[in-house]
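Participant: The following comprises the amino acid sequence and a computationally predicted model.
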Amino acid sequence: MSTVRSSKRIGMLVVPDAAPDAEIWKWCPQNVTPIITRLQIPETSAERYGSIDGAIGSAEVIQPATRTFISSATLPATDPDIVVLNCTSGSFSGGLEGERAIRRSILGSGASRALTTSGAVVGALTALRAGRVAVGTPYHAEANQALREFLTQAGFEVLPIPTTQIEDLDRASDDQVRSIAAAAHDKHATAMLISCTALPTRHLIPELNARYGMPVITALQATMWAALAQIDEQVAAPDHTLHSLGWPESVPLLAL
């Protein structure tokens, strides 16, 4: 006898050194359950793919992790409504084509829908009609340049990205996140992006919006908004900028 599932599920692929689990749960409404799994990254991946970020987005890493969510002929699984690569740098390092390749890997492993954090950021900035974007990150200069190139390819004017490195990302203090935003702020921007899903930012977003007088979105916020929008749900945060916005039709999420 088959049963109808009453709640929706989001499969979250998370890098091993990040712990955004609590914030992921907070973004979800009560009828949506996040199923979180860590990516297994082989020790030699950086050598083969040129960097850890390249390895994170590789089919070798993405596909087996995605298959853990998907039922087989003999073994049932959680079968989420969408599978998400929850990593910004791992999804922008290969440019727009690299981001599409990650979604192809997820879909090719049996998922019904696929999303990456970088794709979610493009959707969020498009929904906000953000033409000129200030960007704050905890990355080194090389990663900042790759992010700038990715967003430029996606059609945004990206202001210079300052280098404000933080080593222990998921233990970053509120003041460290504020410092990233302060370094990125430019009065000529129409929106600000705080990149990296490992940074704990949810509680700071309203404060930053008010301080800088512009929409401030964070990588995890954009990811959860986009994932929920794809399954006809909204983030559990009515005071946040993206809450009532739908996914923009001009960004075809599954166009491969």
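Facilitator: Done, it's in. Residues are numbered from 1 along each chain as shown.

Participant: mind checking pLDDT for residue 252?
Facilitator: Looking at residue 252, its pLDDT is 67.

Participant: Ok, residue 3 next?
Facilitator: pLDDT, residue 3: 51.

Participant: what's the answer for the one 10 residues further on, then?
Facilitator: Per-residue confidence (pLDDT) for residue 13: 97.

Participant: quick one: contacts for residue 10?
Facilitator: 28, 32-35, 80-84, 227-228, 231 (C-beta atoms under 8 Å, 6 or more residues apart in numbering). Placement of C-beta: from N, CA and C, glycine included.

Participant: Check whether residue 144 really touches residue 159, as I assumed.
Facilitator: No. Residue 144 sits out of contact with residue 159 when judged by C-beta atoms under 8 Å, with a separation of 11.5 Å.

Participant: Now intersect the contacts of residue 10 with the strands, please.
Facilitator: 32, 33, 34, 35, 82, 83, 84 (DSSP state E).

Participant: Among the contacts of residue 10, which one sits closest to residue 238?
Facilitator: Nearest to residue 238, judged by C-beta to C-beta, of the contacts of residue 10 is residue 228 at 13.1 Å.

Participant: number of nearby residues for the closest one?
Facilitator: 24 (other C-beta atoms under 10 Å).

Participant: State the pLDDT value of the residue nearest in space to the middle of the chain.
Facilitator: The centroid of the chain falls nearest to residue 117 when counting by C-alpha atoms, centre = their mean (2.2 Å). On the pLDDT scale, residue 117 is placed at 97.

Participant: Residue 211 too?
Facilitator: In this model, residue 211 carries a pLDDT of 96.

Participant: Next, the contact list for it, please.
Facilitator: Per C-beta under 8 Å, 6+ apart, neighbours of residue 211: residue 181.

Participant: roughly how far apart are it and residue 98?
Facilitator: In this view, residue 211 and residue 98 are 34 Å apart by C-beta to C-beta, to the nearest Å.
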